[in-house]
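Take a look and give me a structure for this.
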Amino acid sequence: MRELTQIESQQISGAVVASMEEALEGFLWGLGDGAMTGMSIAGKFGGAGGFIIGGIAQLVGYALTPFIGGIIGGIGGAIFGRDMIADTLAHYRESVGTGNVSHSLFS
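Numbers count the residues shown, from 1 in each chain. I've put the predicted structure just below:
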C-alpha cells in the first residue's frame, strides 16, 4: 500500500486545516465572525419578552452571546479553517436570523 499525500489526507479527514497558519487564520476569523453573529442574533430574539423581561434578555444576550459565539467560532475556525467557518456562520445567520420573534399564539 502506498502512503497518502498531505492533500489526499486532508480531503479524507474532513477538511481539517493543514498548517498552524491556517489554524490561526481560521481561529481569528471565527472569533470575530462568531462574536458578531451571536450578538446580532441575540439582539433580534432577546427583545421579544416585553418591556422589563425583554430589556433584561437583551442586556444578557448582548453581554454573553459575543463571548459564546466567539469561542465556538474560534474553535471551529481553528479546526476547519477560515472558509468553512465563514460559510457555516453565514448559513447560520441566514437560517436563524430570519425567524419570527413573536411569542404570540395567534401570529
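
max-length helix in the chain?
Identified as the longest helix of the chain according to DSSP state H is helix 52-80.

how much distance is there from that helix to the middle of the chain?
On the basis of C-alpha atoms, centre = their mean, to the nearest Å, helix 52-80 sits 9 Å off its chain's mean C-alpha point.

Whichever helix or strand comes after it - contacts with which helices or strands?
For helix 52-80, the succeeding helix or strand toward the C-terminus, using DSSP states H and E, is helix 82-96. Under the contact criterion of 3 or more C-beta pairs under 8 Å, 6 or more residues apart in numbering; DSSP states H and E, helix 82-96 touches helix 20-46, helix 52-80. To be clear about C-beta, it is placed using only N, CA and C from the backbone, and glycine gets the same treatment.

I'd like these as CSV, with mean neighbour count appended.
As requested, those are exported to CSV (neighbours: other C-beta atoms under 10 Å):
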stretch, mean neighbour count
helix 20-46, 19
helix 52-80, 17
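
Can you tell me which of these is nearest to residue 96?
helix 20-46 (5.8 Å; C-beta to C-beta).

In terms of pLDDT, where does the spatially most central residue of the chain sit?
Geometric centre of the chain, nearest residue: residue 34, 4.0 Å, by C-alpha atoms, centre = their mean. pLDDT, residue 34: 93.

Local confidence estimate at residue 53?
77.

can you check the one 3 residues further on too?
In the prediction, the pLDDT value recorded for residue 56 is 80.

now do residue 14
We have a pLDDT of 58 for residue 14.

Then residue 44?
Predicted confidence (pLDDT) for residue 44: 69.

And for residue 107?
We have a pLDDT of 46 for residue 107.

Use 51 as the first number for this chain going forward.
Shifting the count to begin at 51 puts that one at residue 157.

which residues sit against stretch 81-93?
108, 111-112, 114-124, 126-127, 135-136, 139, 142-143, 146-147 (C-beta atoms under 8 Å, 6 or more residues apart in numbering).
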